[in-house]
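> got a sequence here, can you model it:
(chains A and B)
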Amino acid sequence: MRRHIVTMTAAANSGHPGGSLSCVEILVALYFRVMRHNPRDPAWPDRDRFIMSKGHASPAQYAVLAEAGYLPAEELPTFRRLGSRLQGHVTAGKTPGVEMSAGSLGMGLSYGIGQALAARLDGRDYRTYVLLGDGELDEGQVWEAAMAAAYHKVDTLTAIVDRNGIQNDGFVKDILDTEPLAEKWRAFGWHVLEVDGHNLAAVIEALEAARRVTGRPTVIIARTVKGKGVSFMENNPAFHGKAPTPEQLEQALQELA
Amino acid sequence: MTTTGTAAATREALGPTLVRLYQEGLDIVVVDADLGVSTTAREFGARYPERFFTVGVAEQNMVSLAAGLAAAGKIAFASTFAVFMPGRCFDQIRMSVAQPGLNVKLVASHGGFTTGEDGASAQAIEDLALVCALPGFHVVVPADVVEAAQAIEAAARTPGPFYIRTGRPKVPVVYDESYRFQLGKAHVIRPGTDLTILASGVMVYQALRAADLLAAEGVQARVVNVATLRPFDADAVEAAARETGAILTVEEHQAHGALSSLAAQAAAERFPVPMRFLGLDRYGESGKWDELLDHFGFSPPAIAAAARELLARK
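Numbers count the residues shown, from 1 in each chain, chains lettered A, B, ... in the order given. Here you go, the predicted structure:
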């Protein structure tokens, strides 16, 4: 997964490696352990929904879709190229397995509520997962949605916050500090779990625990490291939206070997 | 087929039409941002509370939530006032609805300045330009309550995103029940050969009265109700240009970005003729809706005067 991410962004000479590397374990847990889905039938009505609200983490989404069998891995180098199914930001209708178009932040939680309420009306038992960035939490719409999800008791909805502490222009704490984050979600009526977002077993355990919560939605605050796995990208705001150079790619691949 | 002598607000069509369509088997759901009494969407919610989702005063959440419902197969309606939708949630309409082309129906009431006493903040005169700029969106401005009900039904039965603008005041009903709205087709509501008045919404009635005044002077004005702005009926504009030689547009909106611009573009491409555009190029103010029509230059005599000036350029 991480090798895909750095290779894709280097090949495109653009894209967002930092926030893609931070959510790898979350995606692996969802696609390989937790979600009910079928790569041969991406439109299966009973599939669990995964909504990538932080749409710039498209390299991570495409990498996991390739590993899960939605796409051939050979297609990954077309990322961001003219005619590719792998658009710069995740785009519904372009890529098998992508549920929602994103790229303007803050919309995924609302969209996820809609998917979950439709399941309730239709008597379907699929679950809906929404991945949010922590910079994304600046958007007021997220909190509109947070209130609505609790009010409508959407307990089949799980939000995961990729709490990597960095947004476009720098560290979250220096731009708009969102702490105390867990208390905020609790005050909005959510069941809150906090985990080390790079501990795969812990992430799986939290996602499984969320399934057992009734009467309210669950948010998993996953403490992560932006750029995780590549020494010079880790906790470095410069790699939010910048691709590695060919030399940096070589080093990154060595570190990830 | 002119006025039936009764008056009704176009917004009154929403609730009853949604109830009827759901009873006919359409998989309708409604999301509401705390104005459901005014938009009449609450009439659906009162009958089917499990299919009516309140989100509070939160238009951004409303639109993306409706998109999620549509993505799961529902015919998702969202309604509030036209100043708030698209005004407060344009990015959500663009990203959550327009780009994926989802089956979301935005019904925005209190369109235009005839919203009246609430003043400029509540008077949408930019909404149509915003939604007409979205590729693939259907945009409809019904002339009266009869057409509004049929436009809402057409939206429910036609896949893809819609914006339907309704109005607050009770205005004259121009169509009887024999009228059949056709999505994407302008309707020649009064024949004429000397010039054409293209109108939308409440201005259709005003244009008909202006045509009466012109007829008394021997001028036969064609009046065309251009209810569907997107997709635009360029054929109707071309026919008007070829057959009447002059076109006046009248709309409850700025005189650019909606009917005026679409008609000018169609005529310029196909058959240029002298044109004139009546709209509101400033912000409104408080007043009774019919007083405001007169105040801002949309009375039948004012429209007739604009038509005479245009005729002089033919």
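
> for the residue in chain A that chain B sits nearest to, give me its contacts.
Using CB to the nearest CB, the closest approach of chain A to chain B is made by A:Gly114 at 2.2 Å. Glycine gets a C-beta too; all of them are placed from N, C-alpha and C. A:Gly114 sits next to B:Ser64, B:Leu65, B:Ala66, B:Ala67, B:Gly68, B:Leu69, B:Ala70, B:Ala71, B:Ala72, B:Ala76 when contact means CB atoms under 8 Å, 6 or more residues apart in numbering or on different chains.

> hmm, 6 Å instead?
B:Leu65, B:Gly68, B:Leu69 (CB atoms under 6 Å, 6 or more residues apart in numbering or on different chains).

> neighbour-wise, give me the winner out of those.
Compared across the contacts of A:Gly114, B:Leu65 has the highest neighbour count, 36 neighbours, by other CB atoms under 10 Å in any protein chain shown.

> the one helix or strand that one maps to near chain A anywhere?
Assigned by DSSP states H and E, B:Leu65 belongs to helix B:59-71. Yes - Helix B:59-71 lies within reach of chain A by CB under 6 Å from any CB of the partner chain, at B:Gln60, B:Asn61, B:Ser64, B:Leu65, B:Ala67, B:Gly68, B:Leu69.

> hang on, the earlier thing: so the residue of chain A closest to chain B lies in a helix, does it not?
Yes - using DSSP: H, G, I helix; E, B strand; the rest coil, the secondary structure at A:Gly114 is a helix.

> so what's it closest to, chain neighbours aside?
Excluding its sequence neighbours, the residue lying closest to A:Gly114 (CB to CB, 6 or more residues apart in numbering or on different chains) is B:Gly68, at 2.2 Å.

> which pLDDT value goes with that neighbour?
For B:Gly68, the model assigns a pLDDT of 98.

> that one touches A:Leu117, doesn't it?
No - with contact defined as CB atoms under 6 Å, B:Gly68 does not count as touching A:Leu117 (7.7 Å).

> which secondary structure elements does the helix holding B:Leu65 contact?
Applying 3 or more CB pairs under 6 Å, 6 or more residues apart in numbering or on different chains; DSSP states H and E, one finds that helix B:59-71 makes contact with helix A:108-122, helix A:140-151, strand B:28-32, strand B:75-81, helix B:90-92, strand B:104-109.

> how far does the fifth one sit from its chain's centre?
Which is helix B:90-92. When distances are taken as CA atoms, centre = their mean, to the nearest Å, helix B:90-92 is centred 20 Å away from the chain's centroid.

> give me every residue that touches residue 141.
You didn't pick a chain, so chain A it is. A:Gly106, B:Gln60, B:Asn61.

> actually, chain B is the one I wanted.
B:Arg165, B:Ser200, B:Gly201, B:Ala227.

> now do the buried residues in stretch A:93-101.
Using 16 or more other CB atoms under 10 Å in any protein chain shown as the test for burial, stretch A:93-101 gives A:Thr95, A:Gly97, A:Val98, A:Glu99, A:Met100, A:Ser101.

> okay, the residues you listed in TSV with pLDDT next?
Shown next, in TSV, are the buried residues of stretch A:93-101 (pLDDT from 0 to 100):
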residue	pLDDT
A:Thr95	98
A:Gly97	98
A:Val98	98
A:Glu99	98
A:Met100	97
A:Ser101	97
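
> could I get the full set of helices for the chain?
All of this refers to chain A. Here chain A has its helices, by DSSP state H, at A:2-12, A:18-21, A:24-29, A:58-68, A:108-122, A:140-151, A:172-175, A:181-187, A:200-211, A:246-256.

> my bad, chain B
The residue ranges that make up the helices of chain B, judged by DSSP H, are B:14-23, B:36-39, B:42-47, B:59-71, B:90-92, B:127-132, B:145-157, B:203-216, B:234-244, B:259-270, B:289-295, B:300-311.

> what's the neighbour count on the closest residue to B:Leu14 other than its chain neighbours?
Among residues not flanking B:Leu14 along the chain, B:Thr40 sits closest, at 4.6 Å (CB to CB, 6+ apart). Per other CB under 10 Å, the neighbour tally for B:Thr40 reads 22.

> separation between the residue in chain B that chain A sits nearest to and A:Arg3?
Using CB to the nearest CB, the closest approach of chain B to chain A is made by B:Gly68 at 2.2 Å. Between B:Gly68 and A:Arg3 the computed distance is 33 Å (CB to CB, to the nearest Å).

> can you check what pLDDT the model gives residue 158?
Using chain A here. 98.

> actually it's chain B I care about, not the one you picked
At B:Thr158, the pLDDT value in this model is 98.

> residues in contact with the residue nearest to A:Gly114?
A:Tyr111, A:Gly114, A:Gln115.

> one more time with 10 Å, if that's ok
A:49, A:51, A:99-100, A:107-118, A:128, A:130, A:145, B:31, B:74, B:76, B:96, B:102, B:104 (CB atoms under 10 Å, 6 or more residues apart in numbering or on different chains).

> A:Gly69 - how many residues pack around it?
Neighbours of A:Gly69 under the rule other CB under 10 Å: 14.

> so it sits right up against A:Asp41, yeah?
No - using CB atoms under 10 Å, A:Gly69 makes no contact with A:Asp41, being 11.3 Å away.

> so for these two, which residues contact both of them?
A:Pro96.

> need the pLDDT of B:Gly257.
At B:Gly257, the model reports a pLDDT of 97.

> which residues touch B:Ser261?
Contacts for B:Ser261 (CB under 10 Å, 6+ apart) come out as B:Leu128, B:Ala129, B:Cys132, B:Leu229, B:Phe232, B:Thr249, B:Gln254, B:Ala255, B:Phe277, B:Gly279.
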